[in-house]
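sequence unavailable; structure follows:
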């Protein structure tokens, strides 16, 4: 694994939109998010691919070129897009993989559709990438037990985080009427639970992303988690996945597909993010997970804070993780080595 240099005050952070751009009504929140980086001592470098001509911010060639340029620029130490979207998959054969392979690693931060690019960067280049928050989430203060993504990007760890035991049951904050919101509303109570109820104490290299966006990569050269698992067989993997919006049947099919593709062959555990994605008449989202992964001889932990439901647990793809679920303990420790 190749870990980017830790961030230090004064570092430049690139901002580009490899998937969806920033709508005019969201510009106020965008400016607040940029200010939050400055308040933490960083210098945002704003790219050109940020508009909204369609579902994407710009033509794929322009988006790929700008993302590549920021990732290989030695003066830019992290790239943090405003958020995900729908079609980042169209970048994968447009990125200059040779240039990236020759460059020093740069932090690439995000979640949702951005994992479509983050996962291949980790698998193909060996770069650690940072899953958890997008730029628009950066102004939020993390609740007790969790860390801000900039903390994980600023030191090798170890970092121990624990479930806050609270989450948001309502939709995302209204950035139009409250662009400066920086405190998460966590109105519901709940924490991690193990599919079979057994205690968990395992370690492995973290790898994962959003089911709807990384699932289509499984049978391609960009999503060979099975090979990544073989290369880290001695340590094992901790695979984390989360559903954004697909119904339970679709999620079950996607998880079966990942199992067939060997994603869990070297897994020490599977972490499943809390989701607001819909159930169907005879299958909940948890039952979809059980249908596909219940036969694995590894623990499956549900309702982890690693998805589209706030709060946001930052996880580093490629970090060595130690996961404990036992009694009142619900924690993960990551070491960037």
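Received it, and whenever you're ready, just let me know what you need. On a predicted model such as this, the values are computed, not experimentally measured, just so you know.

give the contact list for the residue most central in space within the chain.
Taking CA atoms, centre = their mean, the centroid of the chain lies closest to residue 131, which sits 2.8 Å from it. Residue 131 is in contact with 110-111, 115, 118, 208-209, 240, 306, 314-317, counting by CB atoms under 8 Å, 6 or more residues apart in numbering. In this view, the C-beta of every residue, glycine as well, is placed from N, C-alpha and C.

one more: residue 109?
Contacts for residue 109 (CB under 8 Å, 6+ apart) come out as 78-81, 129-130, 132-134, 149, 153.

swap the cut-off to 6 Å and go again
Residue 109 makes contacts with 80, 130, 149, as judged by CB atoms under 6 Å, 6 or more residues apart in numbering.

likewise residue 42?
Neighbour list for residue 42: 11, 13 [criterion: CB under 6 Å, 6+ apart].

ok, it to residue 317 distance?
Distance check for residue 42 against residue 317: by CB to CB, to the nearest Å, it reads 21 Å.

list the buried residues for the longest strand belonging to the chain?
Counting residues, the longest strand in the chain under DSSP state E turns out to be strand 200-210. The neighbour-count check on strand 200-210 (16 or more other CB atoms under 10 Å) flags 200, 202-210 as buried.

now do stretch 218-231
Buried positions in stretch 218-231, judged by neighbour count with 16+ other CB under 10 Å: 218, 222-226, 228-229.

can you check stretch 100-110 too?
Neighbour counts using 16+ other CB under 10 Å place 100, 103, 105-110 of stretch 100-110 among the buried residues.

tell me which residues are up against stretch 248-260.
Stretch 248-260 is contacted by residues 211, 215, 218, 243, 279-280, 283, 285, 288, 291-293 when judged by CB under 6 Å, 6+ apart.

now go through these and say which are in helices.
211, 285, 288, 291-293 (DSSP state H).

identify the farthest-apart pair in these.
Largest separation among the ones in helices among the contacts of stretch 248-260 by CB to CB: 211 and 291, giving 13.8 Å.

so for those two, which residue has more residues nearby?
residue 211 (27 against 17; other CB atoms under 10 Å).

now for the more buried one: which residues touch it?
Residue 211 is in contact with 241, 243, 254, counting by CB under 6 Å, 6+ apart.

the second one contacts residue 277, doesn't it?
I take that to be residue 243. Yes. Here residue 243 reaches residue 277: they are 4.3 Å apart, a contact under CB atoms under 6 Å.

so the two - more neighbours on which side?
Neighbour comparison, residue 243 and residue 277: the larger count goes to residue 243, with 27 against 21 (by other CB under 10 Å).

what segments of the stretch 151-300 of the chain are helices?
Counting by DSSP state H, counting those that start in this stretch, the stretch 151-300 of the chain has helices at residues 211-214, 225-231, 248-260, 285-293.

quick check: mean pLDDT of stretch 174-187?
Mean per-residue pLDDT for stretch 174-187: 95.

and this protein, what are its domains?
According to automatic domain parsing, the chain comprises the domains 12-152, 159-335.

would TSV of the ones you listed with distance to residue 5 be doable?
Converted to TSV, these look like this (distance: least, CB to CB, whole Å):
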stretch	distance to residue 5
domain 12-152	6
domain 159-335	14
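
figure out which of those is closest to residue 4.
Nearest of the domains of the chain to residue 4, taken as CB to CB: domain 12-152 at 4.3 Å.

straight-line length of that closest one, end to end?
Length of domain 12-152, first residue to last, CA to CA, to the nearest Å: 17 Å.

now do stretch 15-29
The first-to-last residue distance of stretch 15-29 comes to 14 Å (CA to CA).

look at residue 38 and give its secondary structure.
Secondary structure for residue 38, judged by DSSP: H, G, I helix; E, B strand; the rest coil, is helix.

quick one, what contacts the spatially closest residue to it that is not a sequence neighbour?
Of all residues not flanking residue 38 in the chain, residue 44 sits nearest, at 6.8 Å (CB to CB, 6 or more residues apart in numbering). Residue 44 is in contact with 13, 15, 34, 37, counting by CB under 6 Å, 6+ apart.

among those residues, which are in helices?
34, 37.

please enumerate the strands of the stretch 101-250 of the chain.
Ranges of strands within the stretch 101-250 of the chain are 107-110, 129-131, 159-162, 166-167, 188-189, 193-194, 200-210, 237-242, based on DSSP state E, counting those that start in this stretch.

dump these to JSON lines, plus distance to residue 331.
Below are the strands of the stretch 101-250 of the chain laid out as JSON lines (distance: least, CB to CB, whole Å):
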{"stretch": "strand 107-110", "distance to residue 331": "22"}
{"stretch": "strand 129-131", "distance to residue 331": "17"}
{"stretch": "strand 159-162", "distance to residue 331": "4"}
{"stretch": "strand 166-167", "distance to residue 331": "15"}
{"stretch": "strand 188-189", "distance to residue 331": "18"}
{"stretch": "strand 193-194", "distance to residue 331": "14"}
{"stretch": "strand 200-210", "distance to residue 331": "10"}
{"stretch": "strand 237-242", "distance to residue 331": "13"}
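
state the number of residues packed around the closest residue in space to residue 287 that isn't next to it in sequence.
What sits nearest to residue 287 in space, not counting adjacent residues and going by CB to CB, 6+ apart, is residue 248, at 6.7 Å. Counted with other CB under 10 Å, residues neighbouring residue 248 total 23.
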